[in-house]
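Peer 1: Sequence plus predicted model, see below.
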Amino acid sequence: MNIRCRYAPSPTGNQHIGGLRTALFNYLLSRSPAAEGGKSAFLLRLEDTDRLRFDKLYVDNVFSSFDWLGFGWDEGPGVGGPYAPYVQSERVGLYKKYADALIEAGKAYYCFCSAEELAAARDAREAAHSGESGYSRVCRSIPPAEASLRAANGEPCVIRLKIPLGETTRFTDALLGDIEWKNDDVNADPVLIKSDGFPTYHLANIVDDHLMKITHVLRAQEWLSSTPLHIILYKALGWEPPVFCHLPMVMGQDGKKLSKRHGATSINEFRSRGYLSGALINYVAQLGASYEEGKDVYTLEELAANFSLSKLNKAPAVFDYKKLEWFNARYIMACSNEELAAQSLPFAVENGLFGEAGDGPSPQQAGLYTSAMPLVKERAVFLTEIPKKLEFLFRDPPLAKLEDFIPKKSDVKTAAFLLKKGVDLIPKICTAGDEEAGALVKAKAEAEGVKLGDLLQPLRVAITGSRVSPPLFGSARLLGVEKCAARANACLEFLVSN
Ligand code: GLU
């Protein structure tokens, strides 16, 4: 079947995990086995009708977030498509036509209540504890001809939907099953066209989903309470509604809705904290959906091949940063050297690894950086850690503290002795492979009657500047005999003079 899905963010805030999950599930459904028709597609539509909360920065944020995430849309801003434009503010003229048609059919009406009158009515209702909520529907009783005249004469007004009272609205949510609402409980006669001429979310969303031939709407559960109203609107316009599927909530580990409180939530923040987009996608795809048994790491294609609405879970999903970190470490490990170098390079440039902060690498530095990736791959959890770990390859480290050279329960004299032995090994360590270098050092330690770790400690500190460093032999090979020997000899002098 043709499956046309959309992600329809309102640019009133930055893109966050919830939005990514919604976009991703829609994307996956449009590429899932169920979407066999050649016209299946995933759309991006910007719902920018809330002009008060709109900010162009948030539009840019949609683009930069998805650029980084690396999955895009088949139709939408930037790529176009048969139903362009895909930005609601560029379609404003279109919505009014449908609101007018609803007025014509007696299914919507003009409301002339001012904001002050509405506020006063609300206060009165609250004071009387009437239990009623929303608009009193007072303008319903204005004769249509009179109302049209007043509107035509330019009297400020909005257009409201006439909810059919006394009826029940039913629909079947693809995840939650049959749902019914008494129409009298639906948000009292919601506004379709605002006094500024802009449509509300409800009208623009329905009109566009219809015109853009959307077949499935996967969206956050917070929209569930708007759906009866949307169904009523579809009926009033004589249109077939799409399949609705309200996705399980995403919670923090404290059981509360995921928010800033839980750490990074904007997509760009995950990027700047050193996550790989593939790891984030892989983890977010598993928030509320299951795929094959016994597998954690999937490519986007594998996720799509295994995606179906029947595999969604009703229970809220819990966002676990530790699990995401685990994914990130896995992804870092699985990267090729070139890819990992490219992904972590911006952090290296920012940290001044190649000179001043902001300096890019020379060709020789770029080569060294890529060759160093195997040294950090196994242990890094975040891309941001990588440049710091490799600093000693690009500049001589500051002289370490005396105690760093000295093995446990030992003294400076012994450390100097051990370092001297290490210095003798440098030419071989820097040219042999890991195994051979390991065997050499082991044999030396045995011959001197010292522990392997004790022999290596002063040498490691001398070459890398730290007791905790990437693997020593690989590091020494990249630095070369000359640099290693110079650093080690300088440290030896320091130890001897102490
Ligand atoms: N513009 C709405 C939002 O910001 C779209 C909701 C929907 O998918 O219908 O989430």
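Peer 2: Yes, it's here. All figures in this text were calculated on a predicted structure; none of them were measured in a lab.

Peer 1: My guess is Leu237 contacts Glu104. True?
Peer 2: No. Taking contacts as CB atoms under 8 Å, Leu237 lies outside contact range of Glu104: 11.8 Å. Where you see a C-beta, it was placed from the backbone N, CA and C, and this is true even at glycine.

Peer 1: Compare these two and say which one has the larger neighbour count.
Peer 2: Ranked by neighbour count (other CB atoms under 10 Å), Leu237 and Glu104 place Leu237 first, with 16 against 11.

Peer 1: what's the helix or strand for the closest residue to the more buried one other than its chain neighbours?
Peer 2: What sits nearest to Leu237 in space, not counting adjacent residues and going by CB to CB, 6 or more residues apart in numbering, is Tyr98, at 6.4 Å. Assigned by DSSP states H and E, Tyr98 belongs to helix 92-104.

Peer 1: avg pLDDT for that helix?
Peer 2: Helix 92-104 shows a mean pLDDT of 95.

Peer 1: hang on, the residue nearest to Leu237 packs against Val207?
Peer 2: Yes. The criterion here is CB under 8 Å, and Tyr98 meets it with Val207 at 5.4 Å.

Peer 1: Mind listing the shared neighbours of those two?
Peer 2: Counting by CB atoms under 8 Å, 6 or more residues apart in numbering, the common neighbours of Tyr98 and Val207 are Leu237.

Peer 1: who's in contact with the residue nearest to Leu237?
Peer 2: Neighbour list for Tyr98: 203, 207, 237 [criterion: CB under 8 Å, 6+ apart].

Peer 1: quick one: the first one and Lys97 touch, right?
Peer 2: No. With contact defined as CB under 8 Å, Leu203 does not count as touching Lys97 (10.8 Å).

Peer 1: Could you check which of those two is surrounded by more residues?
Peer 2: Comparing Leu203 with Lys97 by other CB under 10 Å, the one with more neighbours is Leu203, at 27 against 10.

Peer 1: Look up how far Met249 lies from the more buried one.
Peer 2: Taking CB to CB, to the nearest Å as the measure, Leu203 falls 27 Å from Met249.

Peer 1: those strands in the stretch 301-450 of the chain, which residues are they?
Peer 2: 317-318 (DSSP state E, counting those that start in this stretch).

Peer 1: Tell me where it has helices.
Peer 2: Taking DSSP state H, counting those that start in this stretch to define them, one finds helices in the stretch 301-450 of the chain at 321-334, 337-350, 363-371, 373-377, 385-389, 391-394, 402-405, 412-429, 434-448.

Peer 1: how about the residues of the stretch 201-350 of the chain that lie near the ligand?
Peer 2: 201, 205, 219, 223 (CB under 6 Å from any ligand atom).

Peer 1: Keep only those of these that are in strands.
Peer 2: Under the assignment DSSP state E, these contribute Arg219 to strands.

Peer 1: out of the helices of the stretch 301-450 of the chain, nearest to Thr265?
Peer 2: With distances scored as CB to CB, the stretch of the helices of the stretch 301-450 of the chain nearest to Thr265 is helix 321-334 (10.9 Å).

Peer 1: Using PDB, write out every CA atom in that closest one.
Peer 2: What follows is helix 321-334, C-alpha atoms only, in PDB (Å, rounded to 0.1, in the frame of the first residue of the first chain):
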ATOM      1  CA  TYR A 321      21.400   8.000  29.100                       C
ATOM      2  CA  LYS A 322      23.600   5.100  30.200                       C
ATOM      3  CA  LYS A 323      22.200   2.900  27.400                       C
ATOM      4  CA  LEU A 324      22.700   5.700  24.900                       C
ATOM      5  CA  GLU A 325      26.300   6.100  26.000                       C
ATOM      6  CA  TRP A 326      26.700   2.300  25.500                       C
ATOM      7  CA  PHE A 327      25.400   2.700  22.000                       C
ATOM      8  CA  ASN A 328      27.800   5.600  21.400                       C
ATOM      9  CA  ALA A 329      30.800   3.700  22.500                       C
ATOM     10  CA  ARG A 330      29.700   0.800  20.300                       C
ATOM     11  CA  TYR A 331      29.400   3.100  17.300                       C
ATOM     12  CA  ILE A 332      32.700   4.700  17.900                       C
ATOM     13  CA  MET A 333      34.300   1.300  18.000                       C
ATOM     14  CA  ALA A 334      32.700   0.300  14.800                       C
END
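
Peer 1: What sits closest to the residue in the stretch 201-350 of the chain that the ligand sits nearest to if chain neighbours are left out?
Peer 2: Using CB to the nearest ligand atom, the single residue of the stretch 201-350 of the chain nearest to the ligand is Arg219, 3.6 Å away. Nearest residue to Arg219, sequence neighbours excluded (CB to CB, 6+ apart): Thr22, at 5.9 Å.

Peer 1: The one you found contacts Leu247, correct?
Peer 2: Yes. Between Thr22 and Leu247 there is a contact at 6.5 Å, judged by CB under 8 Å.

Peer 1: Overlap in contacts, these two.
Peer 2: Counting by CB under 8 Å, 6+ apart, the common neighbours of Thr22 and Leu247 are 218-220.

Peer 1: Turn those into JSON lines, columns for pLDDT.
Peer 2: JSON lines is the format used below for the shared contacts of Thr22 and Leu247 (pLDDT from 0 to 100):
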{"residue": "Leu218", "pLDDT": "98"}
{"residue": "Arg219", "pLDDT": "98"}
{"residue": "Ala220", "pLDDT": "95"}
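
Peer 1: Restrict those to the buried ones and give me that as a ChimeraX selection.
Peer 2: Here is the ChimeraX command that selects the buried residues among those (16 or more other CB atoms under 10 Å):
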select :218,219
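
Peer 1: Relative to Leu495, which of the shared contacts of Thr22 and Leu247 is nearest.
Peer 2: Nearest to Leu495 among these: Ala220, at 62.4 Å, using CB to CB.

Peer 1: Is the closest one bridged to anything, and to what?
Peer 2: Per DSSP bridges, the residues bridged to Ala220 are Leu247.

Peer 1: in stretch 101-116, what's buried?
Peer 2: Going by neighbour count (16+ other CB under 10 Å), the buried part of stretch 101-116 is 102-103, 107-113.

Peer 1: next one: stretch 354-369
Peer 2: 354, 361, 365-366, 368-369.

Peer 1: got TSV for the residues you listed, with distance to Asp184 and pLDDT too?
Peer 2: Converted to TSV, those look like this (distance: CB to CB, whole Å; pLDDT from 0 to 100):
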residue	distance to Asp184	pLDDT
Phe354	68	98
Pro361	67	98
Gln365	71	98
Ala366	68	98
Leu368	72	98
Tyr369	67	98
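
Peer 1: ok so, going back, burial check on the residue nearest to Arg219, number of neighbours?
Peer 2: Neighbour tally, Thr22, other CB under 10 Å: 23.

Peer 1: same question, His262
Peer 2: Quick note: His262 (other CB under 10 Å) scores 17 neighbours.

Peer 1: Ala236 now?
Peer 2: 21.

Peer 1: which parts of the stretch 1-150 of the chain sit against the ligand?
Peer 2: 8-10, 47.

Peer 1: Report the two of those residues separated the most.
Peer 2: Ala8 and Ser10 (7.7 Å).

Peer 1: got the contact list for Phe42?
Peer 2: Taking CB under 8 Å, 6+ apart as the test, what Phe42 contacts is 4-7, 26-27, 30-31, 73-75.

Peer 1: out of the residues you listed, who's nearest Pro316?
Peer 2: Nearest member of those to Pro316, counting by CB to CB, is Asn26, at 19.4 Å.
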